[in-house]
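Undergrad: okay, structure incoming, though there's no sequence with it:
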Ligand SMILES: C[C@@H](N)C(=O)N[C@H](C)C(=O)O
Ligand SMILES: [Zn+2]
């Protein structure tokens, strides 16, 4: 299952608007400890809990809209800014995990699976992995009791169940599909686009956004280069 053709979106030109990275406010919940820090990823000059200013402003409006619909509920951020070195670390980690879990699979089969869910690490400023732009975010919802809602899979579940519409024709899981649809609708209303293979990944203004949005240019390139 290859859902993204890199040729389609990584060729889109980037005109970076040079907004700074801003830290997520306390009212938006975070997955703690940060999952990639916990795995040993290094962030020597940065924190994963930040986004480009305009992207964060949109996310705060999403959060306010969620609270109008469901008082006390909060967005819960799993990952936001991710330098290219961390992208490489997580791709290597996922390859090693899949290698151990499927010893009979070929290298090509495993890489195909890895790159269904991860963008290719790249040092080329013309092809930044989405999270390295500070314009992409992985997130879910929590209720007023601070409990993470059941979205059908955890974030970074690398299976077909991660597909946003996986539960759409399963009436017994209508509650899960309704929560996925709620997250999508709230994010979409603020201009975010969703990754076609992952219910939890959204972005605004990066190349993937431009491709899915039909825009001629992306607004955000690698955040460490501005
Ligand atoms: C795997 C997930 N956490 C993720 O962020 N995937 C996208 C496609 C990425 O690597 O940018
Ligand atoms: Zn993501």
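TA: Perfect, thanks for sending it. Computed from a predicted structure; not experimentally measured. Ligands and ions are numbered 1, 2, ... in the order given.
Undergrad: residues from the chain in reach of ligand 1?
TA: 79, 117-119, 129-131, 136, 138, 156, 195, 198, 201 (CB under 6 Å from any ligand atom). Using the backbone N, CA and C atoms, a C-beta is placed for each residue, glycine as well.
Undergrad: let's have those in CSV, adding secondary structure and neighbour count.
TA: What follows is those, written out as CSV (DSSP: H, G, I helix; E, B strand; the rest coil; neighbours: other CB atoms under 10 Å):
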residue, secondary structure, neighbour count
79, strand, 24
117, helix, 20
118, coil, 21
119, coil, 26
129, coil, 25
130, helix, 24
131, helix, 27
136, strand, 30
138, strand, 21
156, coil, 18
195, coil, 22
198, coil, 21
201, strand, 26
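Undergrad: and of those residues, the nearest to residue 167?
TA: residue 198 (14.1 Å; CB to CB).
Undergrad: now the residue nearest to that closest one when sequence neighbours are not counted. Its backbone dihedrals?
TA: Nearest non-adjacent residue to residue 198, counting by CB to CB, 6 or more residues apart in numbering: residue 162, 5.2 Å away. Taking degrees, to the nearest 10, you get phi -70, psi -20 for the backbone angles of residue 162.
Undergrad: show me the contacts for residue 162.
TA: 117, 153, 197, 198, 199, 200 (CB atoms under 8 Å, 6 or more residues apart in numbering).
Undergrad: which ones among the residues of the chain next to ligand 1 also lie next to ligand 2?
TA: 138, 201 (CB under 5 Å from the ion).
Undergrad: tabulate the residues of the chain next to ligand 1 in a markdown table, adding columns for pLDDT and distance to residue 212.
TA: Below are the residues of the chain next to ligand 1 laid out as a markdown table (pLDDT from 0 to 100; distance: CB to CB, whole Å):
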| residue | pLDDT | distance to residue 212 |
| --- | --- | --- |
| 79 | 98 | 20 |
| 117 | 95 | 17 |
| 118 | 97 | 18 |
| 119 | 95 | 14 |
| 129 | 97 | 16 |
| 130 | 98 | 11 |
| 131 | 98 | 16 |
| 136 | 98 | 12 |
| 138 | 99 | 16 |
| 156 | 98 | 21 |
| 195 | 95 | 9 |
| 198 | 98 | 13 |
| 201 | 98 | 12 |
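Undergrad: mind putting the residues of the chain next to ligand 1 into CSV with distance to residue 8?
TA: Listed next are the residues of the chain next to ligand 1 as CSV, based on distance: CB to CB, whole Å:
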residue, distance to residue 8
79, 24
117, 17
118, 17
119, 13
129, 15
130, 14
131, 19
136, 17
138, 21
156, 24
195, 13
198, 17
201, 17
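Undergrad: so is stretch 19-39 next to ligand 2?
TA: No - Stretch 19-39 does not reach ligand 2 (CB under 5 Å from the ion); its nearest approach is 11.0 Å.
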